[in-house]
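Colleague: I'd like to go over a predicted model; first the sequence, then the structure.
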Amino acid sequence: MPDQRVWRKSSYSGGRENCIEVADLPDASAIRDSKRPDAAVLVFSTAEWSAFLLAMRETRL
């Protein structure tokens, strides 16, 4: 069955294929490598993904 999730990547990627893609799930976010869309997908809870994004924005990572 084809993946029904809607994947998106940052507009900063400039259309390149070496970045991550994110798909929204009901209570989580799925993350995959744009170069290998058929490889394993990482899933993070909404709280985990939000904490990661906040840390990135505040350059704590």
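Modeller: Yes, it's here.
Colleague: quick check: which element contains the most centrally placed residue in the chain?
Modeller: Central residue of the chain (Cα atoms, centre = their mean): V22, 2.6 Å from the mean position. Here V22, judged by DSSP states H and E, is contained in strand 20-25.
Colleague: on that earlier part again, right, and the residue nearest to the centre of the chain touches S29 too?
Modeller: Yes: if you go by Cβ atoms under 8 Å, V22 and S29 touch, sitting 5.6 Å apart. All C-beta spots, glycine's among them, are computed from the backbone N, C-alpha and C.
Colleague: and T59, helix, strand or coil?
Modeller: The three-state assignment at T59 reads coil, by DSSP: H, G, I helix; E, B strand; the rest coil.
Colleague: what is the neighbour count of it?
Modeller: The number of residues packed near T59 is 6, by other Cβ atoms under 10 Å.
Colleague: how much space separates the closest residue to K35 other than its chain neighbours from W7?
Modeller: Using Cβ to Cβ, 6 or more residues apart in numbering and skipping residues adjacent in sequence, the residue nearest K35 is E17, 5.2 Å away. Remark: distance between E17 and W7 (Cβ to Cβ, to the nearest Å) = 12 Å.
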